[in-house]
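Asker: Fold the following, please.
(chains A and B)
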There are 2 protein chains.
Amino acid sequence: MSNEKTINIGLMGLGVVGSGVLRIIREKARVLAMETDRDLRVKKILVRDREKARGVDVEPALLTCDPGDILDDSSIHIVIELIGGVEPAYTYAKRAILAGKHLVTGNKDVMANHGPELLRLANEQNVDVYFEASVGGGIPLIGSFRSDLVANEIHEIYAIINGTTNYILTRMSREGAALADVLAEAQRLGFAEADPTKDVEGIDAAYKLAILTSLAFRTQVDPAAIYHEGIMQLEPADFRYAQDLGYVIKLLALARQDNGRYEAAVHPALVPQSAPLASVDGVYNAVYVVGDLVGNVMFYGRGAGSEPTASAIVADVIDVAHNIICGVTNRIPYSIDASKSLKPMDAVETRFYFRLWAADRPGVLAKIATVCGTHSISIASVIQKEADPVNQTAELVFTTHDAYERAMQAAVQDIAALDVVTRVAGFLRIVDVGESV
Amino acid sequence: MSNEKTINIGLMGLGVVGSGVLRIIREKARVLAMETDRDLRVKKILVRDREKARGVDVEPALLTCDPGDILDDSSIHIVIELIGGVEPAYTYAKRAILAGKHLVTGNKDVMANHGPELLRLANEQNVDVYFEASVGGGIPLIGSFRSDLVANEIHEIYAIINGTTNYILTRMSREGAALADVLAEAQRLGFAEADPTKDVEGIDAAYKLAILTSLAFRTQVDPAAIYHEGIMQLEPADFRYAQDLGYVIKLLALARQDNGRYEAAVHPALVPQSAPLASVDGVYNAVYVVGDLVGNVMFYGRGAGSEPTASAIVADVIDVAHNIICGVTNRIPYSIDASKSLKPMDAVETRFYFRLWAADRPGVLAKIATVCGTHSISIASVIQKEADPVNQTAELVFTTHDAYERAMQAAVQDIAALDVVTRVAGFLRIVDVGESV
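Answerer: Next comes the predicted model:
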């Protein structure tokens, strides 16, 4: 069954991605054997329920509910972890490494929270940990940061890395539809989970950003420390006004570093229509990177799904196989600069967009402008958009020049408290991310 | 001077990119040493003229006009070849490999024409050949095809890989300007060479496409066999009509494979405005790839310039350094399927756009349609755009459904020969490359 020409794989998790990985390793056996000069053999598969119907044909003898059947089997070279969530995946991953097995994982929760620790451990144990599939499906991101962009100091990352929210925002933008309606439709179509909290609140994106930023900035980013703000408060009016102003609304995961400090945040943002990120629509993801040498580069593709994610998993397995054949591990070392610190969101500077309903009479604008001035907020543009003749109110849309988050938050509070202001209805950051030419 | 902790580099060529590489290796010495645990030292630099002024400070003792000072120096581990052109670069590259040196090159001419041979030779000699910088500057392409996308069968590649022509087309599209004027301006600004033939005729793009296609399709693509057509015939009217039809004009390098046969061509094409490639403007490059697993992915960035190209060169040097430290070479083998054959351009199927001036009288359209029918060309749309009352002619713009190149060329010839047709003025292929969502 097994010989020197076989690489044995233990697959943990047989959900959508796991089934895809199993199917591809089998269907492409000939090509993969040609590429690696080894037979890749899935020897055991960890599942929760052995009786459950699968999207892939699988011999019952391969299935087990006991993780020990993989973790304690010394003939298994590579563990593919596709369980998802922190536990028990983290414990299994750690046990696999300690048992001298290479780990290939698509688990963003584990890698965002425990990545640096697992990588250190892998280094001590002389095994490899690969995690290309943990961010952006099959888009080559981890490999690009680790190898191709390694000569760069990465200054900025702007990423659309949550397909669910990008699908929702794209439809809201195109159809002028309300968020609740589009979300319900997305759930019906399978583009959003029954409980979409992690997606629509920006938590999923923050995890992925932690992974990317840790690699790009060579530091350890705590995902829980990343400011995140979701999309639930967005209204159709915001999309209309964004368009009038020459922008689109995207849920951005962004990180910048400067002088040993870095920022990292997830929030909806106004992005210039002419920016490459602006045309990243639907379930597509993209990561736009600014490096000191390479300038602006962007990676674009499907950020989720069985096959795109399996594309990354199987590529990682092949790379580990090359390492096994050459007898090398940890060929590319991880270097971490622990001295870098996260800038608090309060201290981040950016441009802002906000809109409000105020009394439709002279002097109102002056009052608002005075509040802004008090907080050193410089208004870049103001447009009176709509008037409500019954309530005698008008809608005003403002954009600002660069301002500190702290100052802007305080200003908005003071503005909302003005007696002439009925309601501050929209509040978004403007991110003037690079344009072509 | 040298010890086990030093990796010695011989740099061949000290032009724009070579100077950038030298400067970066020096300025980033500390970071690079941290990354590789070795000092990277440029020991010798081959130049044509030792007295020439340089954009970088360099000790005269480092410079040599004798390639033997690098190729015969057994202490040199890595040769960076940035001479450009096939000879003498190819001969030097081969000598370096035969002398047991690793090769890092940004030379598209050498890699397009002799890449497979050099890679075979490197395999025999147990050295590495890296060439990320040969296509798309610092955009991670070679590494992505070799590692990250390796589980995929790549079906299609659509690339904008010549910055000069993309700059010209972008300006023509935005300004409605004539090609000659924009080209002259591009030359003045340094975006086009004094002799721009290789760029504007699509030859440069064909070389780069040969490199990408060889990797992606795992075959040996002869750059001279790639059909190429340049941009010189494009007129402002084509850009106007393309826009009316919902397209932009791009110089596309495209390749597709199917059942062991592949197509590869470079020509201007109408690309849908909503396609990600459509918004790749100015000197930017992008490569849009369709794989069986990953779906559509796109890589975007600056395709040329000193620093972006140096970003790729230095990353390759670091990767070779990792290999040297681990004592491995040819970790990722090249596999080539020599049985794949290039489909002749005649047999390629696509949609077409053409426009013509014809007599402005009844029955003209019927005659043209009849010719198309004879050649089994199905017209998708026809618009009468402009009339010239003096000559009593009108301009007609056609698009077709999928048709064979051979049939379309014959049809256009027959149409041009019609007595009612004054002139066939524009002839372009339509490439309906994927859209988001």
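Asker: how would you label the closest residue in space to A:Glu386 that isn't next to it in sequence: helix, strand or coil?
Answerer: Distance criterion Cβ to Cβ, 6 or more residues apart in numbering or on different chains; nearest residue to A:Glu386, sequence neighbours excluded, is A:Glu395 at 4.5 Å. For the C-beta atoms, the positions are set from N, CA and C on the backbone; glycine is no exception. Using DSSP: H, G, I helix; E, B strand; the rest coil, the structure places A:Glu395 in strand.
Asker: thought A:Glu395 was touching A:Val364?
Answerer: No. Counting by Cβ atoms under 8 Å, A:Glu395 stays clear of A:Val364, with 11.7 Å between them.
Asker: Could you name every residue contacting both of the two?
Answerer: Shared contacts of A:Glu395 and A:Val364 (Cβ atoms under 8 Å, 6 or more residues apart in numbering or on different chains): none.
Asker: Any stretches of the stretch 251-400 of chain A with poor pLDDT?
Answerer: Residues of the stretch 251-400 of chain A meeting the criterion pLDDT under 70: none.
Asker: If we use 80, what do you get?
Answerer: For the stretch 251-400 of chain A, residues meeting the criterion pLDDT under 80 lie at A:386.
Asker: which residues of it fall in strands?
Answerer: A:261-272, A:284-291, A:295-302, A:341-342, A:349-359, A:379-388, A:393-400 (DSSP state E, counting those that start in this stretch).
Asker: Off-centre distance for the fourth one?
Answerer: How far strand A:341-342 lies from its chain's middle: 19 Å, per Cα atoms, centre = their mean, to the nearest Å.
Asker: do the second one as well
Answerer: Strand A:284-291 has its average C-alpha position 11 Å from the chain's average C-alpha position, going by Cα atoms, centre = their mean.
Asker: who touches it?
Answerer: For strand A:284-291, using Cβ under 8 Å, 6+ apart, the contacting residues are A:136-137, A:139, A:141, A:149, A:152-163, A:166, A:212, A:216, A:275-277, A:280, A:296-304, A:433-434, B:138, B:311, B:436-437.
Asker: go with 7 Å
Answerer: Outside strand A:284-291, the residues that touch it by Cβ atoms under 7 Å, 6 or more residues apart in numbering or on different chains are A:136-137, A:139, A:141, A:149, A:152-161, A:163, A:166, A:212, A:276-277, A:280, A:296-303, A:433-434, B:311, B:436.
Asker: Now do the helices in chain A.
Answerer: Using DSSP state H, the helices found in chain A span residues A:16-27, A:29-36, A:68-71, A:89-98, A:108-125, A:142-143, A:163-175, A:179-189, A:197-200, A:203-217, A:236-244, A:306-326, A:364-374, A:405-417.
Asker: For the ones you listed, give me JSON lines that also has mean neighbour count and distance to chain B.
Answerer: Converted to JSON lines, the helices of chain A look like this (neighbours: other Cβ atoms under 10 Å in any protein chain shown; distance: least, Cβ to the nearest Cβ, whole Å):
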{"stretch": "helix A:16-27", "mean neighbour count": "22", "distance to chain B": "7"}
{"stretch": "helix A:29-36", "mean neighbour count": "16", "distance to chain B": "6"}
{"stretch": "helix A:68-71", "mean neighbour count": "19", "distance to chain B": "22"}
{"stretch": "helix A:89-98", "mean neighbour count": "21", "distance to chain B": "19"}
{"stretch": "helix A:108-125", "mean neighbour count": "20", "distance to chain B": "13"}
{"stretch": "helix A:142-143", "mean neighbour count": "22", "distance to chain B": "5"}
{"stretch": "helix A:163-175", "mean neighbour count": "22", "distance to chain B": "7"}
{"stretch": "helix A:179-189", "mean neighbour count": "15", "distance to chain B": "12"}
{"stretch": "helix A:197-200", "mean neighbour count": "19", "distance to chain B": "17"}
{"stretch": "helix A:203-217", "mean neighbour count": "26", "distance to chain B": "13"}
{"stretch": "helix A:236-244", "mean neighbour count": "18", "distance to chain B": "16"}
{"stretch": "helix A:306-326", "mean neighbour count": "24", "distance to chain B": "4"}
{"stretch": "helix A:364-374", "mean neighbour count": "16", "distance to chain B": "34"}
{"stretch": "helix A:405-417", "mean neighbour count": "17", "distance to chain B": "30"}
